[in-house]
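>>> can't give you the sequence, but here's the structure:
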């Protein structure tokens, strides 16, 4: 995957995380606390600034009550 594609993929995933979080009615701080991560890291995830490990994506999906593929932009 080239750098541009990776950046677009991470940005899309970040948008999906944010949308799911907002559907839950949570702030970034609330979700970060549930995940045991910093608010700064949560913010970076939502802006596509970090490529989280699979375990983090799975934990995000669990808390947000969506299939992990939804966060990744894949069909469930």
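That came in fine, so what should we check first? Values in this document were obtained by computation on a predicted structure and should not be read as measured data.
>>> Now stretch 64-72: buried residues?
64, 66, 68, 70, 71 (16 or more other CB atoms under 10 Å). C-beta here means a position set from N, CA and C on the backbone, and glycine is covered the same way.
>>> Please identify which pair of the residues you listed lies farthest apart.
Farthest pair in those (CB to CB) is 64 and 68. Separation: 9.8 Å.
>>> Among the buried residues of stretch 64-72, name the ones in helices.
Here DSSP state H is the test, and the buried residues of stretch 64-72 give 64, 68, 70, 71 as lying in helices.
>>> now, which of the residues you listed sits nearest residue 32?
Among those, residue 64 lies closest to residue 32 (CB to CB), at 12.7 Å.
>>> so who does the residue lying closest to that closest one once chain neighbours are set aside touch?
With sequence-adjacent residues excluded and distances taken as CB to CB, 6 or more residues apart in numbering, residue 64 is closest to residue 20, at 4.1 Å. By CB atoms under 8 Å, 6 or more residues apart in numbering, residue 20 lies in contact with 60, 64, 66, 70, 71.
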